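Chemist: Okay, structure incoming, though there's no sequence with it:
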């Protein structure tokens, strides 16, 4: 049950065995909510017999709101669907990309600023930024690309159908997710599954789905863009061997920790055990 309304309704239903799944906005945004909502959140976390979190980071934060046992059960990705496709013609250019809703929380504006600084320092590299997703910030983000003089190399493709995401990811060379807040990071493990190196911000569950320096880079976006951040992006853009190495490591990491069958099996086992 999502909090707080669905969680409250679920708590009122008859029966003693109840499971609550917390989501990103439930836990990461209570400080910006009303006091009543925070009180309801604490009540919900205390009432349910089991509370599930998709990441350890979110479980730790929930534990600070209301101390209790939390079960970490991440989402998974089907690596037989999300897999590398080396047949796509790269056309001698580097494509940086993201698949995100165009909301403030997902930091697409930070991505555009970083791309702009990258282009200034790497005028010899033919690079494009591909943005898939839609949302209330689209007009603002398009205006930002004009302001930063990268409109000619930045492409907004709108909302992507889920069935098209594997092929979209395979059209990228580097995947970026510079969210201001993120409970888990499904888009990151999807990108890793197709063999892409990833660059993410150091927030929430993103820190758990990237092995820094191995499957990609985790960067601090409190101050940006820094020379270090630009250099890391530049290194990946220049060094194809490094991109391949990190991408391969990322796919292996996903297969070991976030394979869909593994995650689904864990969830099924959990429900079977509590129903006995």
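Modeler: Happy to help now that I have it. Here the structure is a predicted model, which is why all the values come from computation and not from measurement.

Chemist: alpha carbons only for contacts and neighbour counts from here, please
Modeler: Noted.

Chemist: and the residue sitting nearest the centre point of the chain, what pLDDT?
Modeler: The C-alpha lying nearest the average C-alpha coordinate of the chain belongs to residue 185 (C-alpha atoms, centre = their mean; 2.7 Å). pLDDT, the model's per-residue confidence, is 93 for residue 185.

Chemist: Over to residue 8?
Modeler: Predicted confidence (pLDDT) for residue 8: 75.

Chemist: still on that earlier bit, dihedrals phi and psi, the residue nearest to the centre of the chain?
Modeler: Main-chain dihedrals, residue 185, degrees, to the nearest 10: phi 120, psi 50.

Chemist: Let me see the contact set for it.
Modeler: Counting by C-alpha atoms under 8 Å, 6 or more residues apart in numbering, residue 185 touches 205-206, 209.

Chemist: Residue 159: which of those is nearest?
Modeler: Using C-alpha to C-alpha, residue 206 is the member of the contacts of residue 185 that sits closest to residue 159, with 22.1 Å.

Chemist: So that closest one versus residue 13, what's the distance?
Modeler: 34 Å (C-alpha to C-alpha, to the nearest Å).

Chemist: so where do the strands sit in the stretch 101-250 of the chain?
Modeler: For the stretch 101-250 of the chain, the strands defined by DSSP state E, counting those that start in this stretch cover 127-132, 154-158, 174-177, 198-201, 216-219.

Chemist: Now do the first one and strand 154-158, the angle between them.
Modeler: Between the axes of strand 127-132 and strand 154-158, defined by axes from the mean of the first three to the mean of the last three C-alpha atoms, to 10 degrees, the angle is 20 degrees.

Chemist: tell me what strand 127-132 is packed against?
Modeler: Packed against strand 127-132 by the contact rule (3 or more C-alpha pairs under 8 Å, 6 or more residues apart in numbering; DSSP states H and E) you find strand 94-99, strand 154-158.

Chemist: what's the average pLDDT for the last one?
Modeler: Put plainly, it is strand 154-158. When pLDDT is averaged along strand 154-158, the result is 97.
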